[in-house]
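1. show me the folded form of this:
(3 chains)
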Amino acid sequence: MTITMAAPKRRAVRLTKRTGDSWTAGYMLLPALLTLALVAGYPIVAALRLSFVEVADQINPQTGMLEKTESLGLGNYVGLFVGDSGEAFRNAFMNTTLFTVIGVVVETALGVAMALVMNKAFRARALVRVSVLVPWAIPTAISGLMWKWIFESDGIANTVLNAEIIWTADNSTIFGFISAPFTAVLVADIWKTAPFIGLIVLAGLQVVPKEVYEAAKVDGAGPFTTFWRITLPLIKPTVVVAVLFRMLDALKMFDLPFVLVGANKHSVETLSMLAQFELSNVRYGPAAAYSTVLFAYVAVIAFVFVKMLGADLVGRGLKGRG
Amino acid sequence: MKYRHAAALAAIALVATACGSDSESSAPDASPAAEAQGVGPITFANGKDSSGVLQELLDKWNAAHPDEEVTLVELPAQADGQRQQLIQNAQTESDAFDVIALDVVWTAEFAANGWVDELPEGALPTSDIVPSLVEGTKYFDKMYAAPWGGGTGLLYYRTDLLDAAGLEPPTTWDELVAACDAVLQLPEAEGVDCYGGQFNKYEGLTVNFSEAVNSAGGSVVGSDGQPTLTTPEAKAGLDFLVDGFASGRIPKEAITWDEEAGRRAFQAGKLLFHRNWSYVYALANETDGSSQVAGKFDIAPIPGATGYGHGTIGANNLAISSFATNKKTALDFITWITSQDVAQHLLVESSQTPAYGAMYDDPELIDQFAFLPMLKEGLQNAQPRPSIVHYGDGTAAIQEEVTAALTGEKSAEQALSDLQDRLSEIVDQ
Amino acid sequence: MTMATTTTTATATARRYGRLLSYVGIGAIVLYCLAPFYWMVVSGLRRPSDQFATTPFPNPISFQNFQAAFSATNGFARALLNSFIVAGTTTVFTLAIGITAAYAIARLEFRFKNVVLAVIIATSMFPGISLLVPLLRLFVSLDWINTYQALIVPCMSFALPLTVFNLTAFFKQMPLELEGAAQVDGCTKWQAFRKIILPLAMPGVFTSAILTFIAAWNEFIIALSVTNEKDMRTAPVITALFTGQYKYDQPFGTQMAAGVAVTIPLVIGVLIFQRRIVDGLTAGALK
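-> Down below sits the predicted model:
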């Protein structure tokens, strides 16, 4: 019953004229779309084109100069599935997926918990908010260095854990089966981004009217019931946005494993890192192919996610009715 | 002291002026230098100038050449980051960088891609420069960069511990192992490990592996450009490292070590022998408490299978970007900043080790930089890392296979034969 | 669960437990967020000579690392200023165009809404690293290298999708009668938006502002690639460019000091705006 109370009644807006709205909407969307077209649209199209360009290079035996011939084809995509490059791709694909799944699940749980605590906290509110921003505010390039420092073999992590774990070597393990560098990157990533989810969810919590909770209390709902039946459904749109964008980000993860563990380390190599490695060796075609496949992967996941959980988020838009 | 430096700077400034006026008067069609045309302001892309000495030098140059000002563009400190910036710049054919500092191993790649210009013959006093350094600037027998400083791997060893065991510094791996066995039993060597280098999976591992193979009398890539890793020498080289890890002589955390991590271990007194560059010498001698081994160590050329080994060259050379506009100014500037006077200034002020052979024998300089004679010895024996056009792929393959061997994932033979196959493919690409 | 069943009878005890729990929660959050940062501060405050100590307090405290970070040759102060200009401008512009776009999506009816949404979100799905080379080519041809717009515009495009989606979710949470009621009261559409909708969406706007500012403040790869003059570098780039006295010598302490210096302004900013944020939030929630 509390849910119906909070759910908005959809009536009034349909009274406005549709044609007028379309023009207004067009003008209102234009600046955003133009910006995106210039610095995202154009480079994306350029990269898509590159993914079909195959470059064969030959060293001229007389001069030693590289001679390149370009042709159009699907070779770069074929390379994703065969031979050494196929193996690298599969490995990076697995890493990317695991980082995202484990990372986002833990971050969401922690983030929502943080938001609930912050919403209740009336004392030390400033301290809590500032604390929560700190992990997010340290530039990734620097927090990567910080964690590298913490995870040194004679660093503070081993001192605190009283262990001698080699955290940043490629094939190193904890207890013989958990990848140490993977764990290190995951810890650093969760530390940095759980507060991000916490912050977005907190904002969502604060537009929930107090009366809703009071009504729940009157009805005799306990804290867990209140959370599952009332709070969670009400903050679902903001949680969905937070999780969706965290997933998009996590799937593109690059800086953290790159700084913390390094380039070309298979136990933490993500698809973005693989693309960067190809780029740094002047193979734009394969790099663009990796990126395009990653793009498609992200798009599919986002679509499925929005379809499954996000009906509220884009419901009216996607269903095409008011 | 201050006065001497001021005088040196003034002298350099004079040379800078002289140099400039001289080249202005030379006819543009006199030599292959005719290719280098265009006079005007340029940029100089280099790693970070932390001491500010480079900027001081540029100020001198700029004062003498108001129309040909040089602006310093600072690139990331890490070699990978520098290479990426340089390649990006070349790919966009931007003229943002005119003179660029090239790591010796990138010469082939940049030359073959046509990203840097060939330097005119006779523009530089190559006969005064240590030959192994000149060799590192060449591709297909043409010179693409000016040697600007030289460095190679050195063996740092603890004099106090060797003395306690009554031993001389080792010249071969067998002696090194024997010295460890003797020293590490001493009570004062408690908590000390035998040997450490750079074994993290990065460029430093390629350096250490190449040095090991070269020091066993082998090579990674032969003079015909084909890999030569299925030889007994290559096997002996890799075995030195693999056995080190397997026997615990190399501590297991060394698998994450880069230059700094290794230096820290050595400075903390945790290593008897340590392979590193000459920059460690001054830092490990600091008496402010950061080093436990100040005054208790010395250096030698790195050991090999049957005598001193062959270090690999680590040096930055200066090249002219193909997309530069003011190439004549660029060449004049390179000629000046790689000249011996400037080299001396850079050594004294920022410890940049020189390319000029004679400077290693200068008693006054040796007074100040005790490592110079050993470094010269090392440089004379030094060999470049494999020269591969697709260097990024080559070094990645080396790091991959060597790591597999060091962690026991593959046998040394297997790793070498796999590496041979992968390098063959990369070279033939 | 046991708590849930007993609350009705022992409300006072439960409240006390709840308060205790909330203190524990606050403590846990603060510890979680600040412990690694504390280590960064401590590392920054050590003397370079005892950089590698693992004692919980720097002894003695030294500001050498901070001095080194701010030494004139590094240009760090200028870089901080640049970061402020870039992040501030990015935030203002992103919010301005993000709010209008989000409002249109959430509360206006138009065709192809789903296409627009899909396009906006799709732009944030392409790995940034692969946009670099085409973007660089574009900026070289526009002659934008070493300009603020080259730093700002890409940051805007990275921040826009999240801003639009976040604000869309906010605008949607509000009862749909609001504008209708306002118009009945004689407000124009614009007035309804500005005087009623926008204040209600303030929590979301502030959240988006903070996230955008921080994202722009942290951006690294693009900032590194589109600038090469020292005067145009941003703080993270300058920090990454720090080196020690020698080529291989990584000045860890200086970098940590710089990391602290990059983070502190944000913390101060949040502290200053704290009251306003909280006021805005409660005001919005109670109306």
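2. switch to C-alpha atoms for all contacts and neighbour counts from now on
-> OK.
3. burial of residue 126, as a residue count?
-> This is for chain A. By the criterion of other C-alpha atoms under 10 Å in any protein chain shown, residue A:126 has 18 neighbours.
4. not quite, I wanted chain C
-> For residue C:126, using other C-alpha under 10 Å, the count is 28.
5. so who does it touch?
-> Residue C:126 makes contact with A:44, A:252, A:291, A:292, A:294, A:295 under the criterion C-alpha atoms under 8 Å, 6 or more residues apart in numbering or on different chains.
6. so which of these is the most crowded?
-> residue A:291 (29 neighbours).
7. that one falls within a helix, correct?
-> Yes: when DSSP: H, G, I helix; E, B strand; the rest coil is applied, residue A:291 is found to be in a helix.
8. is the helix or strand encompassing residue A:45 up against chain C anywhere?
-> Using DSSP states H and E, residue A:45 sits within helix A:42-50. Yes: counting by C-alpha under 8 Å from any C-alpha of the partner chain, chain C is contacted by helix A:42-50 at A:42, A:43, A:44, A:46, A:47.
9. distance between that helix and the chain's centre?
-> Using C-alpha atoms, centre = their mean, to the nearest Å, we find the averaged C-alpha position of helix A:42-50 to lie 22 Å away from the chain's own average C-alpha position.
10. and the next element down the chain from that helix?
-> strand A:53-59.
11. counting by contacts, list what that next one packs against.
-> strand A:66-72, helix A:75-78, helix A:284-309 (3 or more C-alpha pairs under 8 Å, 6 or more residues apart in numbering or on different chains; DSSP states H and E).
12. what angle separates that strand from strand A:66-72?
-> 160 degrees (axes from the mean of the first three to the mean of the last three C-alpha atoms, to 10 degrees).
13. dump the C-alpha coordinates for strand A:53-59 into PDB.
-> Listed next in PDB are the C-alpha coordinates belonging to strand A:53-59 (Å, rounded to 0.1, in the frame of the first residue of the first chain):
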ATOM      1  CA  VAL A  53      41.300  -1.600 -42.700                       C
ATOM      2  CA  GLU A  54      43.900  -4.300 -42.900                       C
ATOM      3  CA  VAL A  55      47.500  -3.200 -43.000                       C
ATOM      4  CA  ALA A  56      50.200  -5.500 -44.300                       C
ATOM      5  CA  ASP A  57      53.700  -4.100 -43.900                       C
ATOM      6  CA  GLN A  58      56.900  -5.300 -45.500                       C
ATOM      7  CA  ILE A  59      60.500  -4.200 -44.700                       C
END
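14. residues in contact with it?
-> Contacts with strand A:53-59, where a contact means C-alpha under 8 Å, 6+ apart, come from A:65-76, A:283, A:285, B:112, B:429.
15. any weak-confidence spans in the chain?
-> Defaulting to chain A. A:1-20, A:121-123, A:310-322 (pLDDT under 70).
16. my question was about chain B
-> Using pLDDT under 70 as the threshold, the predicted model of chain B has low-confidence ranges B:1-35, B:50-51, B:429.
17. tell me the residues of it that contact chain C?
-> Counting by C-alpha under 8 Å from any C-alpha, the residues of chain B close to chain C are B:48, B:50-52, B:73-77, B:85, B:88, B:92, B:94, B:96, B:259-260, B:279, B:288-291, B:350.
18. next, the buried residues of the strand or helix carrying residue A:238.
-> Element membership of residue A:238, judged by DSSP H and E, is helix A:232-251. Of the residues in helix A:232-251, A:234-251 count as buried by neighbour count, 16 or more other C-alpha atoms under 10 Å in any protein chain shown.
19. could you do stretch A:203-211 as well?
-> Of the residues in stretch A:203-211, those buried by neighbour count under the rule 16+ other C-alpha under 10 Å are A:203, A:204, A:205, A:206, A:207, A:208.
20. look at that stretch and report the distance between its end residues.
-> With C-alpha to C-alpha, to the nearest Å applied, stretch A:203-211 spans 17 Å between its terminal residues.
21. what separates it from the chain centre, distance-wise?
-> Using C-alpha atoms, centre = their mean, the distance from the centre of stretch A:203-211 to the centre of the chain it belongs to is 26 Å.
22. and the closest residue to residue B:159 other than its chain neighbours, backbone torsions?
-> Leaving aside its chain neighbours, residue B:159 sits nearest to residue B:297 (4.8 Å; criterion: C-alpha to C-alpha, 6 or more residues apart in numbering or on different chains). Main-chain torsions, residue B:297, degrees, to the nearest 10: phi -140, psi 170.
23. can you give me the end-to-end distance of stretch A:254-263?
-> Across its full length, stretch A:254-263 reaches 10 Å end to end, with C-alpha to C-alpha as the criterion.
24. again with stretch A:42-59
-> Counting by C-alpha to C-alpha: the opening and closing residues of stretch A:42-59 are 33 Å apart.
25. buried residues in that stretch, which are they?
-> Counting neighbours by 16+ other C-alpha under 10 Å, the buried set in stretch A:42-59 is A:42-44, A:46-48, A:50-55, A:59.
26. just those now: which is nearest chain B?
-> Sorting the buried residues of stretch A:42-59 by distance to chain B puts residue A:59 at the head of the list, at 7.7 Å, by C-alpha to the nearest C-alpha.
27. that closest one bridge partners, please.
-> Partner residues in beta bridges with residue A:59, using DSSP bridges, are residue A:66.
28. which residue lies farthest from the center of the chain?
-> Because you didn't say which chain, this covers chain A. Centroid-distance maximum for chain A: residue A:62 at 49.5 Å, with C-alpha atoms, centre = their mean.
29. hm, I was asking about chain B
-> Here the centre of chain B is the reference, and by C-alpha atoms, centre = their mean the most remote residue is residue B:187, at 36.9 Å.
30. regarding stretch B:39-56, how distant is the last residue from the first?
-> Stretch B:39-56 has its terminal residues 22 Å apart, counting by C-alpha to C-alpha.
31. who touches that stretch?
-> With C-alpha under 8 Å, 6+ apart as the test, stretch B:39-56 has contacts from B:67-77, B:82, B:96-101, B:326-330, B:346, B:349-350, C:73-74, C:241-246.
32. let's see that with 6 Å instead.
-> By C-alpha atoms under 6 Å, 6 or more residues apart in numbering or on different chains, the residues outside stretch B:39-56 that reach it are B:67-75, B:77, B:97-101, B:326, B:328-329, C:245.
33. buried set for it?
-> Applying a neighbour-count criterion of 16+ other C-alpha under 10 Å, the buried positions in stretch B:39-56 are B:39-50, B:52, B:54-55.
34. max pairwise distance over the residues you listed: which two?
-> Largest separation among those by C-alpha to C-alpha: B:39 and B:50, giving 28.6 Å.
35. list the contacts for residue B:274?
-> Under the criterion of C-alpha under 6 Å, 6+ apart, the contact partners of residue B:274 comprise B:155, B:156, B:195, B:196, B:197.
36. hang on, the earlier thing: isn't the residue nearest to residue B:159 up against residue B:157?
-> Yes: taking contacts as C-alpha atoms under 6 Å, residue B:297 lies within contact range of residue B:157: 5.4 Å.
37. which of the two has more neighbours?
-> Taking neighbours as other C-alpha under 10 Å, residue B:297 and residue B:157 compare with residue B:157 leading, 23 against 20.
38. hang on, the earlier thing: and after the helix holding residue A:238, which helix or strand comes next?
-> Proceeding N to C from helix A:232-251, the next assigned helix or strand is helix A:255-260, under DSSP H and E.
39. gap between that following helix and the chain center?
-> Helix A:255-260 has its C-alpha centroid displaced from the chain centroid by 15 Å (C-alpha atoms, centre = their mean).
40. I'd like the contacts of residue C:126 as a markdown table, with distance to chain B appended.
-> Formatted as a markdown table, these follow (distance: C-alpha to the nearest C-alpha, whole Å):
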| residue | distance to chain B |
| --- | --- |
| A:44 | 17 |
| A:252 | 20 |
| A:291 | 18 |
| A:292 | 20 |
| A:294 | 22 |
| A:295 | 23 |
